[in-house]
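A.B. asks: Give me a 3D structure for the following:
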Amino acid sequence: MLTEKQVSSSPNIQATPAPLIFPTTSPEFINTLSHYYRGEMARMMSWRDRIDRTTNWAITVVAAMLSVSLSTPTAHHGVLLFAMVLVFLLLSIESRRYRFFDVYRSRVRLLERHYYAQIFAPREVTDARLWMNQLGETMRAPNFAITHRQALARRLRRNYGWIFLILLLAWLLKTTTATLQPEGGGVLFIHSTSELWHNAAMGYVPGWVVLICVLAFYGWILYVILTHREAWGEVAFGEVHV
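C.D. replies: Okay, here's the model as predicted:
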């Protein structure tokens, strides 16, 4: 009879791996499910915290750029255009983070809707194991549930659409108000399109080109918001969602 030490040291004898132990009773299954729910909730909250940080950065950037641009007439309106670029960069980063958040949020919602909700308010279901199979497949082959464009549209509807609107209004105020220009003047607002082209110009770039670029950018934002509506899925259940 070989001892355990001899089996582990012998090159010709391989130890048989221990079989996996799965829950076989209801208490074991409930214990496993509760720990899994706690783990998925922690991952979801971790990604939610990253999303909130990006939004906070965007708000901080907008507040700083607005104070710099509108505080003095000598500040160039390009500061607001630069703020639009920075906010769009943060939006792109947050959209990527939101796709990861959506994966774990969907898993948590599956457990809440089909298991915990059944405990507190039981309802008749046609296939009780359908949601468990769906949850198992997402763990075997994790895939994003939404595209980057859909995540972009969702974050624009929630927060960034309003942030971009504030920047647009501030840029229009900066370019159409004569008292906010370096030349100053006795009038409050401009009276001709030539003055608008002059105020909106950036170096060798004519003002009308800058205006067309700004309008095209905001037109694309509106297009993304309107074309990528909320699809039927976990987000469609209830009004409280991100």
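
A.B. asks: got the phi/psi numbers for Gly136?
C.D. replies: Recorded main-chain torsions at Gly136 are phi -70, psi -40, according to degrees, to the nearest 10.

A.B. asks: how many neighbours does it have?
C.D. replies: The number of residues packed near Gly136 is 10, by other CB atoms under 10 Å. (C-beta placed from N, C-alpha, C; glycine too.)

A.B. asks: do the same with Trp162
C.D. replies: Tallying neighbours of Trp162 according to other CB under 10 Å, which is how burial is gauged here, yields 11.

A.B. asks: Surely it forms part of a helix?
C.D. replies: Yes: with the criterion set as DSSP: H, G, I helix; E, B strand; the rest coil, the secondary structure at Trp162 is a helix.

A.B. asks: With Leu91 as the reference, measure out to it.
C.D. replies: In this view, Trp162 and Leu91 are 12 Å apart by CB to CB, to the nearest Å.

A.B. asks: And for Ala63?
C.D. replies: In terms of CB to CB, Ala63 sits 17 Å off from Leu91.

A.B. asks: of those two, who's got more company?
C.D. replies: The neighbour count for Ala63 versus Leu91, taken as other CB under 10 Å, is higher for Leu91 (24 against 12).

A.B. asks: separation between that one and Ile163?
C.D. replies: 9 Å.

A.B. asks: What does the pLDDT read for His191?
C.D. replies: Per-residue confidence (pLDDT) for His191: 70.

A.B. asks: and the longest helix along the chain, average pLDDT?
C.D. replies: The single longest helix within the chain, with elements called by DSSP state H, is helix 26-71. What helix 26-71 shows for mean pLDDT is 92.

A.B. asks: Run through the neighbouring helices and strands of that helix.
C.D. replies: Applying 3 or more CB pairs under 8 Å, 6 or more residues apart in numbering; DSSP states H and E, one finds that helix 26-71 makes contact with helix 78-111, helix 161-176.

A.B. asks: and among the ones you listed, the most buried is which?
C.D. replies: A comparison of those by mean neighbour count, using mean count of other CB atoms under 10 Å, puts helix 78-111 on top with a mean of 20.

A.B. asks: and that one with helix 161-176, angle?
C.D. replies: 170 degrees (axes from the mean of the first three to the mean of the last three CA atoms, to 10 degrees).

A.B. asks: Going forward, the N-terminal residue is numbered 220.
C.D. replies: Sounds good: first residue 220 from here, last item helix 297-330.

A.B. asks: Could you identify the helix or strand that succeeds helix 297-330?
C.D. replies: Stepping forward along the backbone from helix 297-330, the first helix or strand reached (DSSP states H and E) is helix 336-339.

A.B. asks: Tell me the helices and strands packed up against that following helix.
C.D. replies: Helices and strands touching helix 336-339, as assessed by 3+ CB pairs under 8 Å, 6+ apart, are absent.

A.B. asks: which secondary element of the protein has the worst mean pLDDT?
C.D. replies: Among the secondary structure pieces of the chain, namely its helices and strands, helix 223-228 has the lowest mean (mean pLDDT, DSSP states H and E), a mean of 50.

A.B. asks: buried ones in stretch 266-284?
C.D. replies: Judged by neighbour count (16 or more other CB atoms under 10 Å), stretch 266-284 contains these buried residues: Trp266, Arg267, Arg269, Ile270, Thr273, Thr274, Trp276, Ala277, Val280, Val281, Met284.

A.B. asks: Give me the common contacts of Leu310 and Ile382.
C.D. replies: The overlap between the contact sets of Leu310 and Ile382 (CB atoms under 8 Å, 6 or more residues apart in numbering) consists of Ala277.

A.B. asks: before we move on, the earlier item: among the helices and strands packed on helix 245-290, which is nearest Phe248?
C.D. replies: Judged by CB to CB, the one of the helices and strands packed on helix 245-290 that comes nearest to Phe248 is helix 297-330, at 12.9 Å.
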